[in-house]
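Would you be able to build a 3D model of this:
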Amino acid sequence: MQILDTSAFINEYHTDEDTASVPQVHEELEGEHAFRFDAEEGAGMHIHIPSEETVEKINRAATETGDADELSETDMVLIAAAFELDGTLVTDDYAMQNVADRLNVAVDVIAQDGITEQREWQFQCQGCGRTYDEKLDRCRICGSDLARKNPN
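Here you go, the predicted model:
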């Protein structure tokens, strides 16, 4: 089963496989893209609402990889739907791909290249350069802002 992200409707993604999505995707769409969602639903696309426990599991995985601040609620719910349905997440979003890969959720990309490796981001102080594994509001040493950094 293909779990469709907002970008699937915007880029007119087509598949012969069964499809599913979440209500939050419809809320993000406008105009003809929203009509495309409605048409897919009318043609049999499953609308799935994952459990809160699964969404929390996705949130924990996103925190571990350092992607939590990059993902919207819709993104988290989509990954949770793909996880629960044992489906393939269809998205171009790199942060979603990274978290899905962490959870062994299959991903198909639409218009861009997919990720080539899983990353666990670090956060680097913009003042003194110290790195942290977790996202903090400010550096514990000098108080400067932190920025997400590729650990490689």
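
Would you check that I141 makes contact with Q126?
No - the pair I141 / Q126 is not scored as a contact, 11.9 Å apart, by C-beta atoms under 8 Å. C-betas here are computed from N, CA, C, even on glycine.

which residues touch the spatially most central residue of the chain?
Among the residues of the chain, M96 comes closest to the average C-alpha position under C-alpha atoms, centre = their mean, at 2.6 Å. The neighbours of M96, taking C-beta atoms under 8 Å, 6 or more residues apart in numbering as the test, are D5, L71, D75, L78, I79, L89, V107.

What is the most widely separated pair among these?
The distance between the two most remote of the contacts of M96 (C-beta to C-beta) is 14.1 Å, for L71 and V107.

Output the helix or strand hosting E64 as PDB, nothing but the C-alphas.
Counting by DSSP states H and E, the element that carries E64 is helix 52-65. Extracted in PDB, the C-alpha atoms of helix 52-65 (Å, rounded to 0.1, in the frame of the first residue of the first chain):
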ATOM      1  CA  GLU A  52      -1.600   8.300  19.500                       C
ATOM      2  CA  GLU A  53       0.900   5.700  20.700                       C
ATOM      3  CA  THR A  54       2.300   5.200  17.200                       C
ATOM      4  CA  VAL A  55       2.500   9.000  16.600                       C
ATOM      5  CA  GLU A  56       4.500   9.300  19.900                       C
ATOM      6  CA  LYS A  57       6.800   6.500  18.700                       C
ATOM      7  CA  ILE A  58       7.400   8.400  15.500                       C
ATOM      8  CA  ASN A  59       8.100  11.600  17.500                       C
ATOM      9  CA  ARG A  60      10.700   9.700  19.700                       C
ATOM     10  CA  ALA A  61      12.400   8.400  16.600                       C
ATOM     11  CA  ALA A  62      12.500  11.900  15.000                       C
ATOM     12  CA  THR A  63      14.000  13.200  18.200                       C
ATOM     13  CA  GLU A  64      16.600  10.500  18.200                       C
ATOM     14  CA  THR A  65      17.600  11.400  14.600                       C
END
